[in-house]
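In: Predicted structure and sequence below. I'll ask about it afterward.
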Amino acid sequence: MVMVQVIVGGLLLGAIYALFSSGLTLIWGMMNFINFAHGEFVMLGMYVALLAVTWLGGGPAVFGIAAAVALCALGVVIYFSLIRHVARGPMLAQILSTFGLALLLRYSAFYIFSANFVSLPQSSLSGTINLAGIYLPVAQLVAGAVAIFLTMSLHMLLTRTTIGSKLLAVAEDRTAAMLMGIRPDRMQALAWGLSAGAAGIAGALMATAYPWSPSVGETFGLIAFVVVALGGFGSVLGSLYAGLIIGLIQAVSAFWLGAIYKDIVVYGLFVALLWFRPQGLMGKA
Amino acid sequence: MKNILSPRLGLIILTAGLLLYPLAFTGAFYRDIGVTFLLAAISASAWNIVGGYAGQVSVGHCMFFGLGAYAPLLFYNLWGWPPLAGVPAGVVLAVALAIVIGMPTFRLTGHYFSMATIAVAELIRIFTGTWTFVGAAIGLQGPATGRGWWDLTFRGELPYYYIFLAVLGVLLAVTAALERRRFGFYLRAIKASERAARSLGVPVRETKLQALALSAAFTAVAGSLYVVKTGFIDPDSGFGILVSVQMVIVAALGGAGTLFGPLIGALILIPLQTTTNSLFGGGGSGLTYILYGGIIVIIARFEPGGVLDLWHRAVPQRWRRAHAA
């Protein structure tokens, strides 16, 4: 029974991994560009949720939307002020731009919020429920369910709507898309908004169930790399499966080997993946 | 540097300045800045071989630095050997790791390579923190007082300064020699376009692997120098991501892929960092790293060629030519 509980807990956390990783994979698929600051977006989403609860009050719906909107805006601003100018420049500039951004955001958060762990005040989502002998915190259950719903929505948006087709057209061939009357800049800004927004709302969801500090951004950034490498670069649906798998692996290895080793297992898996199957388990060769 | 003065005169002035600096500024504070500057210049110049010249942006070079730092103190703690004896072991380990990393990851280019290096470095950092054989999270301590000159525990900064300077001199001489050889041209060809380089018959994977191994060896030496001076190492100061960050930012600030770029970068960054640390208090507040992040973003956005490149464009060609005569 304990094992079942560990597995369900891992899958619920994995759902949130899936949500923020889908943002990273979206940018990768659109622009062949890795955002090293993606984990920091998740971390900022958590603090936006905290600030929203403190200043605005209200429940998860309020701070979830606040985090999504704030991070979405940040993503668009970062696209226009930074990414657009380096995206087709030298490789060094591409990597340094978001890497520097990650440092800037992480240590600004340390400066503003201090290195202490914080958590959201008790909300309507507190308490646990008993599902056939498995005890689950309501917050985790809701967060996991919402994360799966949102990841699926993003997948639908990309595959079933006109906007999705436009995004994919720009990803496929920027010049050809432009000749069809699509504005690549707008589409890429939209992708950055969606990506950062997904990270922000994932952060807010995670904040309901887990305490955090500014340093979590680095961990989440690496986890997003692992998920994207496993699911295939550029595939949202791949991220969903891979996120759940990584959450599961983490929970089980923490349970069997001890909490310190869960990251070793996950990063080791990542290195092995890059070594043997750089295109991802579900990616195309 | 290259064009404003005749190269030889510039080199003489630079060398004389570095040699005389600790004699002109005798205060412990200034000498400490000097030693910190040299260490940053050595690490960044070592990174520059693979990150700058070959254009393979590693953000996990701390793994080599940490190996170079841990080996001497591990030898001391196990058998009481002088830390100096562990330096070759650190270099050998770093080169071995470079080969293991390089074989698979160099199939990966660009972003993939950067991601892989971060992940391996983090893996090693976390693993070191749990391994009691190397002191786990507490780290390792060196000899408190020297048992002889061979322990290299000097009271003042002066001996360290000149040892570090000698290492920097060797590293820059090696880099300068490589720059002019076929190997240097291979590296630049790979940076410009791997596919084009391969089609022209450049042995891409071998060249990249050799560059990474050489870079790793010198980075390990930098780690050894660090630990010989401080006499202490823990997972964060050896394998922490900020160690890698400093190498990248120093090289990129001065000019990645140029001989003197990392030196110029360290010349700008280290005094700046010391100033912010003494103004706002070191460590805790993390303002230094906010500054680092800001500088990296600004370089990437406006001057990916670094300060040297800016200099070459800013100083008019005619003026340079008139003065170079």
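Out: Arrived safely.

In: can you pull out the strands in the chain?
Out: I'll assume chain A. Remark: strands assigned in chain A by DSSP state E are A:128-131, A:134-137.

In: wait, I meant chain B there
Out: Per DSSP E, chain B has strands spanning B:140-141, B:232-233. These are given in chain order.

In: JSON lines please, covering these and showing mean pLDDT and distance to chain A.
Out: All C-beta atoms are positioned from the backbone trio N, CA, C, and that covers glycine. Conversion of those to JSON lines gives the following (pLDDT from 0 to 100; distance: least, C-beta to the nearest C-beta, whole Å):
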{"stretch": "strand B:140-141", "mean pLDDT": "82", "distance to chain A": "19"}
{"stretch": "strand B:232-233", "mean pLDDT": "88", "distance to chain A": "20"}
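
In: Would you reformat those strands as a markdown table and include mean neighbour count?
Out: A markdown table is the format used below for these (neighbours: other C-beta atoms under 10 Å in any protein chain shown):
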| stretch | mean neighbour count |
| --- | --- |
| strand B:140-141 | 16 |
| strand B:232-233 | 22 |
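
In: Show me the one of these that comes nearest residue A:121.
Out: strand B:232-233 (41.2 Å; C-beta to C-beta).

In: The longest helix seen in chain A packs against which elements?
Out: With DSSP state H applied, the helix covering the greatest number of residues in chain A is identified as helix A:2-31. Counting contacts by 3 or more C-beta pairs under 8 Å, 6 or more residues apart in numbering or on different chains; DSSP states H and E, helix A:2-31 packs against helix A:38-56, strand A:134-137, helix A:138-160, helix A:162-172, helix A:184-209, helix A:216-231, helix A:236-257.

In: Show me where chain A dips below the pLDDT cut-off.
Out: Low-confidence segments of chain A, defined by pLDDT under 70, are located at A:123-125, A:277-285.

In: So which residues of the stretch 1-150 of chain B form helices?
Out: Defined through DSSP state H, counting those that start in this stretch, the helices belonging to the stretch 1-150 of chain B, from first to last, are B:7-24, B:28-48, B:62-79, B:83-105, B:111-130.

In: Contact partners for residue A:14?
Out: Residues near residue A:14 by C-beta atoms under 8 Å, 6 or more residues apart in numbering or on different chains: A:243-248, A:250.

In: Just list the residues touching the residue lying closest to residue B:128 once chain neighbours are set aside, thanks.
Out: Excluding the flanking residues, the one nearest residue B:128 by C-beta to C-beta, 6 or more residues apart in numbering or on different chains is residue B:235, at 4.5 Å. Residues near residue B:235 by C-beta under 8 Å, 6+ apart: B:66, B:125-126, B:128-129, B:137, B:139.

In: Same check on residue B:269?
Out: Residue B:269 neighbours (C-beta under 8 Å, 6+ apart): B:40, B:249-250, B:253, B:295.

In: By neighbours, which of those wins?
Out: The residue in the contacts of residue B:269 with the most neighbours, by other C-beta atoms under 10 Å in any protein chain shown, is residue B:250 (31 neighbours).

In: surely that one meets residue B:40?
Out: Yes: contact criterion C-beta atoms under 8 Å: residue B:250 and residue B:40 qualify, at 5.3 Å.

In: picking up where we left off before, ok, the contacts of residue B:235 vs chain A, which is closest?
Out: The closest of the contacts of residue B:235 to chain A turns out to be residue B:126 (C-beta to the nearest C-beta; 5.5 Å).

In: From residue B:219, how far off is the closest one?
Out: Distance, residue B:126 to residue B:219, using C-beta to C-beta, to the nearest Å: 20 Å.

In: If you count surrounding residues, which of the two has more?
Out: It is residue B:219, of residue B:126 and residue B:219, that has more neighbours when counted by other C-beta under 10 Å, with 34 against 19.
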